[in-house]
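>>> here's my sequence, what's the structure:
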Amino acid sequence: MTWDILIRRGTIIDGGGSPGTVGDIALAAGRIAALGPFLAGDTNKVIDAEGLAVTPGFIDIKTHSDFVLPINPKAESKVRQGVTTEIIGHCGFSVAPVLPGKTQLLAEYLSGGAPWLPFREMSFPEYLDTFPAVAVNAGMLVGHNTLRLMAMGLEDRAPSPAELAQMIALLEDGLGAGALGLSTGLFTPPGSFAEPAEIMALCEVVARHRAGYFTHLRDESNRVLEAVEEAIGVARAYPIHVEIVHLKCSGVDNWGKASEILARVDRARAEGCDIDCDAYPYVAGANPLKNLLPPWVQVGDNRAMLARLAEPEMRARIEAEIADHGLNNWGRIPSWEAVQVSISPNQPQHAGQTIAALAAARGVDPIDEVCDLLIADNGATRVLIASIAEDDIRTIVRSPTALVGSDGNCVADYGIVAQGMPHPRFYGTFPRIIGQYVHDERLLPLEHAVHKMTGASARALKLRDRGLLAEGWRADLAIFDPADFRDLATYAEPHRYPSGARTSTIVNGIIVVDHARHTGALPGVVLRRAADGGVGEQS
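Next comes the predicted model:
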């Protein structure tokens, strides 16, 4: 037999949590054909991995790359980090299903995250069947906010029986086609308008399909402990995997709560609940600017929101509520210096500037600046919010329960996706874990970090043959120098790829990144969940 690729003398870290051993790996027909201390045989290509770590490809369990993959199929910012699989459709935001006559509604709703993505009417099965060729594997979630938009718009009320039935039917359609599960974003409209009973009714459908539930908590700031209990309640009620995504304790009043949250999750796991969490290693988060305001601001539709923002009495009400409670989902921040414009489609000159600086330059109140900016941007402004404590990040990084998810889009330093000042996590999440927390701070050994990024995430997702280096498994691999694999992206200069001239990434046996250069290959596949809950490449 002739192998396609033979990787020589690398330190093989298999993704199961064990320390690495030096050896060879042979790849053939998209799978791992053999592993051993020394492999002899014919091969089409040899990769010299001496001095390098050879690991399973990283699984980015929490992303929004559905907003950009169709227009950025090379997924440069992710594959250069060693990412080979992305899970998309999170926080209740999915780009399907789109019912007739609802395209513009969804496009306006998602404009703060997907300003350049074209939308069209399509069912969830059609979305999966027509997803374009891209560089990474992709598993899709059905977004609850999208379901609610399709059934009842941005109404702040419980659904009627007919509306709930429509949401259930749309969810059934997506799960039946192979979606990995349901995502919720209970922090922002319309997800925040849903009572727990509505979520439980949908999770009953999730359980019937043996799918998963992925939730952006109802509150990540002042009521974060109560929100965690709501998520744990789902795991207690149904035999499904529950993922608390991008875990954080946001706002100065909530710093230090990470240990208690992780303890509650661990107690639930000890009781038999299938629940874990993921996080990104940065003190700033990112969100559409409109989501920082009280949820009632978005009731109705985009036009109604913009009309509200123009009214002085509404601005006064917003200011008073923020003074009392802090930002929606983000809590109390020291000042508006903590909020920086990331992307402003209609005022790109503002990218990189803080709300405080923009308000001072115009001589206006920060709330007026926020409202004026949203009006000028048709609601599509996106911002970074520095609201997380570094000590909490370290607590989460050390925890074996916490997986790694970038919460970031796949972008690039060229083309339409190079606009604005995105969060540096888009380019640096995985090398930051390895470079800062493994290499510099020694918070955890490399094999444990790799496990969190590969085998543990694969278990949570029920991936059949990805996440470990084992004979017969899919050939998704990352090859890098652990001493020279660092995030270079910053808040001031976010469009920077990681260091590491010898980094290579292989997806389904095809080299996508060769010594830190993209080959142009697009070998990713759509991952679908089977009837038994297992996830893999299947029709």
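>>> make it CA atoms for all contacts and neighbour counts henceforth
Will do.
>>> phi, psi of the residue most central in space within the chain?
The residue lying closest to the centre of the chain (Cα atoms, centre = their mean) is residue 63, at 2.1 Å. Backbone torsions for residue 63, taken as degrees, to the nearest 10, come to phi -140, psi 170.
>>> what pLDDT does it get?
The per-residue pLDDT reported for residue 63 equals 98.
>>> who's it bridged to?
Taking DSSP bridges as the rule, residue 63 bridges to residue 408.
>>> where's it relative to residue 315, distance?
The gap separating residue 63 from residue 315 is 33 Å, by Cα to Cα, to the nearest Å.
>>> repeat that for residue 221.
In this view, residue 221 and residue 315 are 23 Å apart by Cα to Cα.
>>> pLDDT below threshold where in the stretch 101-250 of the chain?
For the stretch 101-250 of the chain, no stretch is flagged by pLDDT under 70.
>>> what are the boundaries of the helices in it?
103-109, 124-129, 144-152, 161-177, 196-208, 224-237 (DSSP state H, counting those that start in this stretch).
>>> between the last one and helix 196-208, how many degrees?
Per axes from the mean of the first three to the mean of the last three Cα atoms, to 10 degrees, the angle that helix 224-237 makes with helix 196-208 is 40 degrees.
>>> which elements pack onto helix 224-237?
Using 3 or more Cα pairs under 8 Å, 6 or more residues apart in numbering; DSSP states H and E, the elements in contact with helix 224-237 are helix 196-208, strand 241-244, helix 258-270.
>>> looking at the ones you listed, spot the one closest to residue 53.
Judged by Cα to Cα, the one of the helices and strands packed on helix 224-237 that comes nearest to residue 53 is strand 241-244, at 28.5 Å.
>>> check which helices and strands the closest one sits against.
By 3+ Cα pairs under 8 Å, 6+ apart, strand 241-244 packs against strand 212-216, helix 224-237, strand 275-279.
>>> make TSV out of those and add mean neighbour count and distance to residue 154.
Putting the helices and strands packed on strand 241-244 into TSV (neighbours: other Cα atoms under 10 Å; distance: least, Cα to Cα, whole Å) gives the following:
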stretch	mean neighbour count	distance to residue 154
strand 212-216	26	18
helix 224-237	19	22
strand 275-279	24	28
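>>> now those as CSV including distance to residue 43?
As requested, the helices and strands packed on strand 241-244 are arranged in CSV below (distance: least, Cα to Cα, whole Å):
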stretch, distance to residue 43
strand 212-216, 40
helix 224-237, 48
strand 275-279, 39
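>>> so which of those gets nearest residue 197?
Ranking those by proximity to residue 197 (Cα to Cα) places helix 224-237 first, at 10.4 Å.
>>> what does the closest one contact?
Contacts of helix 224-237 with the rest of the structure, by Cα atoms under 8 Å, 6 or more residues apart in numbering, involve 196, 200, 203, 215, 217-220, 241-242, 244, 249, 261, 265, 268, 273-275.
>>> try stretch 470-478
14, 27, 30-35, 53-58, 82-84, 465-467, 503-509.
>>> can you give me the buried ones in that stretch?
For stretch 470-478, a neighbour-count test (16 or more other Cα atoms under 10 Å) marks 470-471, 473-478 as buried.
>>> of all those residues, which comes closest to residue 447?
residue 478 (13.4 Å).
>>> what helix or strand is that closest one on?
Under DSSP states H and E, the secondary-structure element containing residue 478 is strand 477-480.
>>> sheet-wise, list the partners of that strand with their directions.
Here, using DSSP bridges, strand 477-480 pairs with strand 53-56 (antiparallel), strand 504-507 (antiparallel).
>>> distance between that strand and the chain's centre?
On the basis of Cα atoms, centre = their mean, to the nearest Å, strand 477-480 is displaced by 21 Å from the centre of the chain it belongs to.
>>> average pLDDT for that strand?
For strand 477-480, the mean pLDDT works out to 98.
>>> start at 17 instead
Sure, I'll start counting at 17 from here, so that last one is strand 493-496.
>>> could you export that strand as PDB, CA atoms only?
What follows is strand 493-496, C-alpha atoms only, in PDB (Å, rounded to 0.1, in the frame of the first residue of the first chain):
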ATOM      1  CA  LEU A 493      -4.500  16.900  12.300                       C
ATOM      2  CA  ALA A 494      -2.700  20.000  13.600                       C
ATOM      3  CA  ILE A 495       1.100  20.100  13.500                       C
ATOM      4  CA  PHE A 496       2.900  22.900  15.300                       C
END
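>>> nearest to residue 326, out of the helices and strands packed on helix 240-253?
Of all these, helix 212-224 comes closest under Cα to Cα, at 32.9 Å.
>>> who's in contact with that closest one?
Contacts of helix 212-224 with the rest of the structure, by Cα under 8 Å, 6+ apart, involve 174, 180, 184, 187-188, 191, 197-198, 228-229, 246, 250, 254-256.
>>> can you do 6 Å?
residue 256 (Cα atoms under 6 Å, 6 or more residues apart in numbering).
>>> go on, stretch 389-408?
Residues from elsewhere that reach stretch 389-408 (Cα under 6 Å, 6+ apart): 127-128, 266-267, 271-272, 274, 299-305, 322, 354-360, 362.
>>> first-to-last residue distance for it?
32 Å.
>>> next up, the contacts around residue 61.
Residue 61 neighbours (Cα under 6 Å, 6+ apart): residue 21.
>>> apologies, that question was intended for residue 441.
Contact analysis of residue 441 by Cα under 6 Å, 6+ apart lists residue 422.
>>> one step back: just the buried subset of the contacts of stretch 389-408, please.
Buried among these (16+ other Cα under 10 Å): 127-128, 266-267, 271-272, 274, 299-305, 322, 354-360.
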